[in-house]
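Colleague: what shape does this take:
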Amino acid sequence: MSDMAALKPGTILVDDYRIERVIGAGGFGITYLAEEVPLARLVTIKEYFPVDFAARDSSEEVVPRSQGSKGDYEWGLDRFLAEAQTLARFNHPNIVRVYRFFQARNTAYIVLHYEDGQSLKGWLRSLGRAPRQHELDKLVDPLLSASRNGPCRRLPSPRHRPRQHHDPPRRSARADRFRFCPR
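Modeller: Here you go, the predicted structure:
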């Protein structure tokens, strides 16, 4: 992800959130560490920014790359908001807590609880070997327990959400992405 595409540190969103830095990026969005200024707490903010369909203009508005990509951009934006609304309904120790979601700058944002720690990718690298079955079980079992109550969770991508520092993570992994699965 180009640094030019991401919001700059210090950017203020909806008068409450100050962007600190990028903590992840992928094909459909950028994840930031931010401060929720009124509450003086760190949060994670996910921004809908599909690199194939969107660009940021000089006023930092997110715009479709072309008239032809406008429909794809809007379709994805609707899905992003629907996912945020559904995820916000859950209160489970293994699902990241959604504090808020909102639209601004012609895109959408999800404000999530910030978990300081090592990413799954970082943990895998630090092992220096393939994880053992019991280590994987400690990560996957909590996610499976969360999925028994509704939507199936996608396994966390190694690039995404920060995890706890422990080896293997003492505190269970939390899902921050999901989809509904047929029963």
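Colleague: list the buried residues for the longest helix seen in the chain?
Modeller: Longest helix in the chain, counting residues (DSSP state H): helix 70-88. By 16 or more other Cβ atoms under 10 Å, the buried positions in helix 70-88 come out as 72-73, 76-77, 80-81, 83-84, 87-88. C-betas here are computed from N, CA, C, even on glycine.
Colleague: and if you look at stretch 102-120?
Modeller: Going by 16+ other Cβ under 10 Å, stretch 102-120 has these buried residues: 105-112, 114-115, 117-120.
Colleague: what's the farthest-apart pair in those?
Modeller: Maximum pairwise distance in the buried residues of stretch 102-120, criterion Cβ to Cβ, is 33.9 Å, between N106 and Q118.
Colleague: where does L143 land in three-state SS?
Modeller: Secondary structure, DSSP: H, G, I helix; E, B strand; the rest coil: L143 is helix.
Colleague: now N91. Nearest residue, chain neighbours left out?
Modeller: Excluding the flanking residues, the one nearest N91 by Cβ to Cβ, 6 or more residues apart in numbering is R97, at 7.5 Å.
Colleague: host element of the residue positioned nearest the centre of the chain?
Modeller: Centroid-nearest residue in the chain: K46, 4.8 Å away (criterion: Cα atoms, centre = their mean). Taking DSSP states H and E as the criterion, K46 maps to strand 41-48.
Colleague: do the same with D15
Modeller: Assessed by DSSP H and E, D15 sits outside every helix and strand.
Colleague: for it, what are phi and psi?
Modeller: Dihedral pair for D15: phi 60, psi 0, per degrees, to the nearest 10.
Colleague: number of residues surrounding it?
Modeller: If you count neighbours by other Cβ atoms under 10 Å, D15 ends up with 8.
Colleague: good, we can wrap up now.
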